[in-house]
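**Q** pasted the sequence and its predicted model underneath.
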Amino acid sequence: MTTEKATFGAGCFWGVEETFRNLKGVTATAVGYAGGSKENPTYEDVCTDKTGHAEVVEAEFDPIQIGYEQLLDVFWSNHNPTTLNRQGPDVGAQYRSAIFYHSPEQKAAAESSKDKIDKSGRFLRPVVTQIEAAPKFWRAEEYHQRYLAKRGQAHCAI
């Protein structure tokens, strides 16, 4: 089996990870930090909103079972891509909407998907999701991995 990676920032990584982890064809997930300048950041570092990192989920998936476009559909359906540096009550660049692509094909799919969702009228405001090449992924501390599953929760309560 050949797998690919997809990396998304869509607010607090706990709920995002749970959503992707439960998709058929996703073989592994990890939460972490990406897109900033600080080497080996900690959760406390990222929470200062001074590192430039976003909280992200890195999903490994089998493209035969689930396509990247399907992952994009889940991404758009599970957060508000029109709020700059904010998801619900969480405010700061670490909560930004971002797609970090791992190949030219993912870049093209992400850009096309963003354009389609922006023009669909689904959202009243413009989509502000950043689309960037996948930078180094810094795995978050172990207590953040599968955070909701460890607590018997299916989603974050906001």
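**A** That came in fine, so what should we check first? Numbers count the residues shown, from 1 in each chain.

**Q** mind listing what's buried in stretch 93-110?
**A** For stretch 93-110, burial by neighbour count (16 or more other C-beta atoms under 10 Å) applies to 93-101, 106-107, 109-110. Every residue, glycine included, has its C-beta placed from N, CA and C.

**Q** can you measure across that stretch, start residue to end residue?
**A** 20 Å (C-alpha to C-alpha, to the nearest Å).

**Q** Val31 touches Tyr143, doesn't it?
**A** No. Val31 is beyond contact range of Tyr143, at 10.4 Å (criterion: C-beta atoms under 8 Å).

**Q** which residues of the chain score low on pLDDT?
**A** Filtered on pLDDT under 70, the chain yields the residue ranges 157-158.

**Q** is it true that Glu111 touches Ile131?
**A** Yes. The criterion here is C-beta under 8 Å, and Glu111 meets it with Ile131 at 5.9 Å.

**Q** tell me which of these two has more neighbours.
**A** Ile131 (16 against 13; other C-beta atoms under 10 Å).

**Q** any idea which helix or strand comes after the helix or strand where that one lies?
**A** Here Ile131, judged by DSSP states H and E, is contained in strand 130-133. Scanning forward in sequence from strand 130-133 by DSSP H and E, the next helix or strand is strand 138-139.

**Q** show me what that following strand is packed up against.
**A** Judged by 3 or more C-beta pairs under 8 Å, 6 or more residues apart in numbering; DSSP states H and E, strand 138-139 is in contact with strand 26-34.

**Q** how far does the helix or strand following the strand it packs on sit from the chain's center?
**A** Helices and strands here follow DSSP H and E; after strand 26-34, the next one along the chain is helix 43-47. Here helix 43-47 is found 17 Å from its chain centre; the criterion is C-alpha atoms, centre = their mean, to the nearest Å.

**Q** now the very next helix or strand once past helix 43-47 against strand 26-34, angle please.
**A** The helix or strand immediately downstream of helix 43-47 is strand 54-61, counting by DSSP H and E. Per axes from the mean of the first three to the mean of the last three C-alpha atoms, to 10 degrees, the angle that strand 54-61 makes with strand 26-34 is 160 degrees.
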